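Novice: how does the following fold in three dimensions:
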Amino acid sequence: MTDAGPEAPGKHLALVGGRGCGKTSAAAWLAREYPAFRLLDLDALIVEEAQGRAVAEIVSEEGWRGFRDREYRVLERVTADAGQGVGVGVVDCGGGIVADLDDAGLEIYSERKVEILRNRCRVVYLRCASDLLASRIAGDPNRPPLSDHESFHGLMDRRDAWYRRAADRVIEADALSSEELAGEIARWFFDEGSGESPGAGAP
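Specialist: Below is the predicted model:
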């Protein structure tokens, strides 16, 4: 993928990584500091598509396969306008953006979703140790169990390779605050592109 500025065709900014890695807070910080960024929270957009049903409710009624299909449709729709002069999206991807399900209901690498990310976005993987992720999300009722077959740590360990395949940049996020993390993302996104930011001064 070639380097390009934030207004170049096909170059939204997408944040990927496991639950609790800091994607949502970093995306919100970037959208606040750079007004031309449009915040695209995929989970919130999926809830909107599902007429307000919460993620846990969607998964309970449709299973993870139904949720992943919704995720694919929403990702395809909201990134389709890349480079059309409507602003740059900062895409807050759910932890399973790199996953689909096989016929047995087990997670597999999602070629279809990663293809969209690679073609339309510059992708940053916010990597955290699975133990840290587990501690951050423990007891959150809004996060339904990811699998009836595998542990959270097992899923995260396997997804690590998938996030890396999707990413243009990997940031070790364990010890970074939300502001530090967002600042590092912004410097990479702008400095390795045109050097121009789509909004206010640099972080």
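Novice: so which helix or strand of this protein has the lowest pLDDT on average?
Specialist: helix 130-137 (a mean of 63; mean pLDDT, DSSP states H and E).
Novice: and the next helix or strand past that helix?
Specialist: helix 152-166 (DSSP states H and E).
Novice: buried residues in that following helix?
Specialist: 152, 155-156, 159-160, 162-163, 166 (16 or more other CB atoms under 10 Å). Glycine gets a C-beta too; all of them are placed from N, C-alpha and C.
Novice: mind listing what the strand ranked longest in the chain pairs with, with the direction of each?
Specialist: Counting residues, the longest strand found in the chain (DSSP state E) is strand 121-127. Strand 121-127 has the following sheet partners, assigned by DSSP bridges: strand 12-16 (parallel), strand 169-172 (parallel).
Novice: among the ones you listed, which comes closest to residue 107?
Specialist: Residue 107 sits nearest to strand 12-16 of all the strands paired with strand 121-127, at 14.8 Å, using CB to CB.
Novice: can you list contacts of the closest one?
Specialist: With CB atoms under 8 Å, 6 or more residues apart in numbering as the test, strand 12-16 has contacts from 6, 23, 26-27, 30, 37, 40, 79, 82, 88-93, 97-98, 117, 120-126, 163, 166-167, 185, 189.
Novice: could you give the angle of it to helix 152-166?
Specialist: Angle of strand 12-16 versus helix 152-166, following axes from the mean of the first three to the mean of the last three CA atoms, to 10 degrees, is 150 degrees.
Novice: alpha carbons only: can I get strand 12-16 in PDB?
Specialist: Coordinates of each C-alpha in strand 12-16 appear next as PDB, following Å, rounded to 0.1, in the frame of the first residue of the first chain:
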ATOM      1  CA  HIS A  12      -9.700   6.500   5.600                       C
ATOM      2  CA  LEU A  13      -8.000   5.600   8.900                       C
ATOM      3  CA  ALA A  14      -9.000   2.300  10.500                       C
ATOM      4  CA  LEU A  15      -8.200   1.200  14.000                       C
ATOM      5  CA  VAL A  16      -8.200  -2.600  14.700                       C
END
